[in-house]
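Colleague: I'll drop the sequence and a predicted model, then ask my questions.
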Amino acid sequence: MKEVTVTVIDPVGLHARPATVAVNAASKFKSEIKISYKGKAVNMKSIMGVMSLGIPTQSEIVISAEGEDQEEAITTIEEVLKAQKVIA
């Protein structure tokens, strides 16, 4: 399993538009990918799951992946969220 802890810097938090981009990126991988916030983990391939976390700005989140392409999955999702200026 590979995981990364990041801080959300978007003033609105992890809102619908970047969440959709992240879900689309996660969906391209075979690995099981989860996003965790305040002890609750959801499938990062589910927009409803990600939005249900209600992640505000300045929150610390953990993105984890487990599977054959876990390294690439974590790297890609991190790059996508940085490009959207959601995480630092």
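Modeller: On my side now, so go ahead.
Colleague: quick one, what contacts the residue sitting furthest away from the middle of the chain?
Modeller: With distances taken as Cα atoms, centre = their mean, the residue sitting farthest from the centre of the chain turns out to be Glu68, at 18.2 Å. For Glu68, the contact set (Cβ atoms under 8 Å, 6 or more residues apart in numbering) comprises 30-31. C-beta coordinates here come from the backbone N, C-alpha and C atoms, glycine included.
Colleague: which phi and psi does it have?
Modeller: When read as degrees, to the nearest 10, the backbone of Glu68 gives phi -70, psi -30.
Colleague: Distance of it relative to Val4?
Modeller: 18 Å (Cβ to Cβ, to the nearest Å).
Colleague: pLDDT on the host helix or strand of Ile35, on average?
Modeller: Assigned by DSSP states H and E, Ile35 belongs to strand 32-37. If you average the pLDDT over strand 32-37, you get 98.
Colleague: so what does the longest helix seen in the chain touch, helix or strand wise?
Modeller: As assigned by DSSP state H, the longest helix anywhere in the chain is helix 70-83. Secondary-structure packing of helix 70-83 (3 or more Cβ pairs under 8 Å, 6 or more residues apart in numbering; DSSP states H and E): strand 2-7, helix 16-26, strand 60-66.
Colleague: Go again with 10 Å.
Modeller: strand 2-7, helix 16-26, strand 32-37, strand 60-66 (3 or more Cβ pairs under 10 Å, 6 or more residues apart in numbering; DSSP states H and E).
Colleague: Go through these and pick out the most buried.
Modeller: strand 32-37 (a mean of 20; mean count of other Cβ atoms under 10 Å).
Colleague: Just the CA coordinates for that strand, please, in CSV.
Modeller: Extracted in CSV, the C-alpha atoms of strand 32-37 (Å, rounded to 0.1, in the frame of the first residue of the first chain):
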residue,chain,number,x,y,z
GLU,A,32,-8.2,0.4,-4.9
ILE,A,33,-7.9,4.1,-4.1
LYS,A,34,-9.2,5.7,-0.9
ILE,A,35,-9.4,9.2,0.4
SER,A,36,-9.5,9.7,4.2
TYR,A,37,-10.6,12.7,6.3
